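**Student:** Sequence first, then the predicted structure:
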Amino acid sequence: MDKCSHGADPKTCGEDPKSCQGCDPAHHAADKNQEEREMARALKQIRHKLVVMSGKGGVGKSSVAVSLALGLARRGKKVGLMDVDLHGPNVLRMLGLKQPLDLTHAQFALPPDLFDNLKVISVEAIMRDREMAVIWRGPLKHQLIRQFISEVQWGALDYLVVDSPPGTGDEPMSVAQTIPDAQAVIVTTPQEISLADVRKSLNFCDKINMKVVGIVENMSGYACPHCGKDLPLFKRGGGEKTAAAAKVPFLGALPFDPAVVEAADQGQLIDVKEADSPFLQALAPIVDYILETLPLTPRVTREPGVMKFALPVEDGKLSDKFGHASHFAVFTVKNGAVGPKELIPSPPHEPGGLPEWLDDLGVTHVIAGTLGDKAQGLLAHKGIEVIAGAPLEAPETLVEKYLKKTLVTSPREHPGGCGCTQGNTA
């Protein structure tokens, strides 16, 4: 991510065809189209996207974002945590994450209870020196955020938590443009100056049509370690009043917790137990609220008892070039009856794209000619049954034969005549 997609210096490129020296604008356009497809595919697998934002700095926004991601992950949810506070990234430091096992998959050496449920990415993970300032202008910030979405293999996530920088500048705007269905969790403190900035954040969300999940009031009181009395650090109730005035939910008030502050400074926030932390105890109902209001509906794209066949076709017959066929013939079979043929143009060819596309169509069965083991494995991973080695006949005939259990298949040589039976990849 140090250079643009053509190897140019980002200082002269910025992924802008007008400013990129030595790059062909046509290449930029092709790469942008590819990137758009990658982003769309990645975002489709993420059910809910939460942008944790604040009107000003110093309100504990990152602590809330990290703790929220941890809380969701510890409830068994698949969670991604994306730090786009490019000038003040703190997420990795708070969690004590230094060397990633797999940057492409945003996988760090996390504790066993989180390893499979939490993925983390931050600009710090790609910096050679974490103490260096990130001096970037808007276009580069925007492009990095897009790359975080399109190039990191997030997989299927229940929630993506985005730690956004304070204010309403480039990064929050880029997140809103890149993730159109993102929803905001706004963090404030009870101080009036902070509440005034929250009203700006609410106005920002209103103007860009970003839904607000609610407002969190952080640093709302402090339990004296000597007498146990609950002391207000500032005043109280400002966040709730602001939420009521704006007609958005008030998610809750979080107390100032020195143990959480110390743990974050030491990179040990991941080790703090809910039973030992007033902050995490107060956060728990907020996690519950998010789980209740942003439910995880089942990922069902197929109707029980209904089969949907897809066959690559050319000139009215099965094509032997699965990954490069111009169209797919799609048939829906319900109660044993074969529905009318749908002839659907194939998507742009790209590695791994067809299985995703066929899965989106709700396909349950693929009938193909030559098809390699890798392609069959990708389709099977999507729950699609593969019938390979079919004769090059009319697609209607092949579906009828399959249903009557008279379809005869046989391995055929690769079209290139090399003698192998490993067909075109999906």
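**Tutor:** Cool, got the structure.

**Student:** only C-alpha atoms for contact and neighbour calcs from this point on.
**Tutor:** Will do.

**Student:** next one: the helix or strand hosting Ile145 to chain centre, how far?
**Tutor:** Under the criterion of DSSP states H and E, Ile145 resides in helix 138-150. Going by CA atoms, centre = their mean, to the nearest Å, the spacing between the C-alpha centre of helix 138-150 and its chain's C-alpha centre is 14 Å.

**Student:** Just the buried positions in the helix or strand following that helix, please.
**Tutor:** Toward the C-terminus, helix 138-150 is succeeded by strand 157-163 as the next helix or strand (DSSP H and E). For strand 157-163, the buried set under the neighbour-count rule, 16 or more other CA atoms under 10 Å, comprises Leu157, Asp158, Tyr159, Leu160, Val161, Val162, Asp163.

**Student:** List just the nearest of those residues to Met127.
**Tutor:** Proximity of these to Met127 was ranked by CA to CA; the top entry is Asp163 with 17.9 Å.

**Student:** which residue packs closest to that closest one, ignoring adjacent ones?
**Tutor:** In space, and not counting its chain neighbours, Asp163 is closest to Asp83: 4.8 Å by CA to CA, 6 or more residues apart in numbering.

**Student:** Could you double-check that that neighbour lies in contact with Ser122?
**Tutor:** Yes. Applying CA atoms under 8 Å as the test, Asp83 and Ser122 come out as touching, 4.7 Å apart.

**Student:** okay, these two: which has more neighbours?
**Tutor:** Relative neighbour count places Asp83 above the other of Asp83 and Ser122, with 26 against 22, counting by other CA atoms under 10 Å.

**Student:** Can you read off the backbone torsions of the more buried one?
**Tutor:** Per-residue torsions, Asp83: phi -90, psi 110 (degrees, to the nearest 10).

**Student:** Can you tell me how far it is from Val123?
**Tutor:** The gap separating Asp83 from Val123 is 7 Å, by CA to CA, to the nearest Å.

**Student:** Next: Val408.
**Tutor:** For Val408, the distance to Val123 equals 54 Å [CA to CA].

**Student:** Which one's more surrounded, the two?
**Tutor:** Taking neighbours as other CA under 10 Å, Val408 and Val123 compare with Val123 leading, 23 against 12.

**Student:** before we move on, what SS does the residue nearest to the more buried one when sequence neighbours are not counted have?
**Tutor:** Closest residue to Val123 in three dimensions, ignoring its sequence neighbours and counting by CA to CA, 6+ apart: Leu86, at 6.2 Å. Per DSSP: H, G, I helix; E, B strand; the rest coil, the local secondary structure of Leu86 is coil.

**Student:** How much space separates Leu86 from Pro165?
**Tutor:** Distance from Leu86 to Pro165, by CA to CA: 7 Å.

**Student:** what about the stretch 201-350 of the chain, any weak spots by pLDDT?
**Tutor:** Counting by pLDDT under 70, the stretch 201-350 of the chain contains low-confidence residues at 228, 297-302, 349-350.

**Student:** Okay, strands next: where are they in it?
**Tutor:** Read by DSSP state E, counting those that start in this stretch, the stretch 201-350 of the chain holds these strands, from start to end of the chain: 211-217, 222-223, 230-231, 250-253, 306-314, 317-318, 327-334, 337-338, 342-345.

**Student:** Check which residues of the last one are buried.
**Tutor:** Within strand 342-345, the residues scored as buried using 16+ other CA under 10 Å are Leu343.

**Student:** rewinding a little: which strands or helices does the helix holding Ile145 pack on?
**Tutor:** Contact analysis of helix 138-150 by 3 or more CA pairs under 8 Å, 6 or more residues apart in numbering; DSSP states H and E lists helix 25-44, helix 170-178 as its packing neighbours.

**Student:** Run through who's touching the helix or strand just after the longest one.
**Tutor:** Scanning the chain past helix 25-44 towards its C-terminal end, the next helix or strand to appear is strand 46-54 (assignment: DSSP H and E). Under the contact criterion CA atoms under 8 Å, 6 or more residues apart in numbering, strand 46-54 has outside partners 61-62, 64-65, 155-167, 172, 179, 181-188, 197-198, 201, 294, 296.

**Student:** quick one: the closest residue to Leu398 other than its chain neighbours from Phe115, how far?
**Tutor:** In space, and not counting its chain neighbours, Leu398 is closest to Leu407: 6.8 Å by CA to CA, 6+ apart. When CA to CA is applied, the distance between Leu407 and Phe115 equals 45 Å.

**Student:** just Thr370 next, same as before
**Tutor:** In terms of CA to CA, Thr370 sits 39 Å off from Phe115.

**Student:** So if I had to pick from these two, which one is more boxed in?
**Tutor:** For Thr370 versus Phe115, neighbours defined as other CA under 10 Å are more numerous around Thr370 (25 against 13).

**Student:** these two touch, right, that one and Leu318?
**Tutor:** No. Under the criterion of CA under 8 Å, Thr370 makes no contact with Leu318, lying 10.4 Å away.

**Student:** Pull out the buried members of the contacts of strand 46-54.
**Tutor:** Neighbour-count burial (16+ other CA under 10 Å) applied to the contacts of strand 46-54 gives 61-62, 64-65, 155, 157-167, 172, 179, 181-188, 197-198, 201.

**Student:** that older thread, tell me, what's touching Asp83 and Val123 both at once?
**Tutor:** Pro89.

**Student:** what about stretch 269-288, start to end distance?
**Tutor:** Taking CA to CA, the first and last residues of stretch 269-288 lie 20 Å apart.

**Student:** mind checking how far that stretch is from the chain centre?
**Tutor:** Distance, stretch centre to chain centre, for stretch 269-288: 25 Å (CA atoms, centre = their mean).

**Student:** what would the strands of the stretch 201-350 of the chain look like in CSV with distance to Gln268?
**Tutor:** Rendered in CSV, the data for the strands of the stretch 201-350 of the chain read as follows (distance: least, CA to CA, whole Å):
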stretch, distance to Gln268
strand 211-217, 23
strand 222-223, 21
strand 230-231, 26
strand 250-253, 23
strand 306-314, 50
strand 317-318, 58
strand 327-334, 53
strand 337-338, 59
strand 342-345, 52
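
**Student:** which one of those strands lies closest to Lys401?
**Tutor:** Comparison of the strands of the stretch 201-350 of the chain against Lys401 by CA to CA identifies strand 337-338 as nearest, at 11.7 Å.
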